[in-house]
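Student: what's the 3D shape of this:
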Amino acid sequence: MFRDTSGVTATKPIDKLCEGKPVTMQDIDAVYHKKTEASKEELWEACNGVVGEHHVYLLQTIRTNTRDIETLIEELNQKIKKALSPCENALERLREITGLSRETVEDLIAEIGSDMDVFPTEQHLCSGVGVSPGNNESAGKKKADEPRMEISRPNQH
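Tutor: As a prediction, this is how the structure comes out:
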């Protein structure tokens, strides 16, 4: 009945089930919103069906796993923020570009590298990341674009 078991609509009723408490219609009313696909009655029935000890164990395991993943994501976000702190000036300048999200700007810096001094001009940077226009025509014949980096593939037999 719940599309996202980590959302508010699902979390509170699932937590009650994990505590061994019944989910009431008032509990459903407290978390229900218009975007919920199921009706209030369907949610109530789903929460008050056969929920045995094994189901509660599985719900608790899923809830623990979700919390662990959320903690890991937060730790990774902090490490990314720390790693990007020397590039704050470049991040600020890139954030001024309309249409670039924070994540996109961080990805750009991660791809380019933190030592942007290796690129004396913006043209060098564009060339280095492979976005410079090229002259791939000679004597009226177009040359195929070559990959900028060689991709190593495992031996196939």
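Student: so where's this structure uncertain?
Tutor: 1-2, 114, 129-138, 140, 142-157 (pLDDT under 70).
Student: List the buried residues for the longest helix along it?
Tutor: Looking across the chain with DSSP state H, the single longest helix is helix 53-84. By neighbour count with 16 or more other C-beta atoms under 10 Å, helix 53-84 contains the buried residues 59, 63, 84. Every residue, glycine included, has its C-beta placed from N, CA and C.
Student: For Asn65, see how far away the first one is.
Tutor: This means Leu59. Counting by C-beta to C-beta, to the nearest Å, the separation of Leu59 from Asn65 is 11 Å.
Student: same check, this time on the last one
Tutor: Distance of Leu84 to Asn65, computed by C-beta to C-beta: 28 Å.
Student: what do you get for Gln123?
Tutor: Taken as C-beta to C-beta, the span from Gln123 to Asn65 is 48 Å.
Student: which residues sit in contact with the residue nearest to Glu106 when sequence neighbours are not counted?
Tutor: Of all residues not flanking Glu106 in the chain, Leu84 sits nearest, at 6.0 Å (C-beta to C-beta, 6 or more residues apart in numbering). Contacts here follow C-beta atoms under 8 Å, 6 or more residues apart in numbering; on that basis Leu84 touches 91, 106, 109-110, 114.
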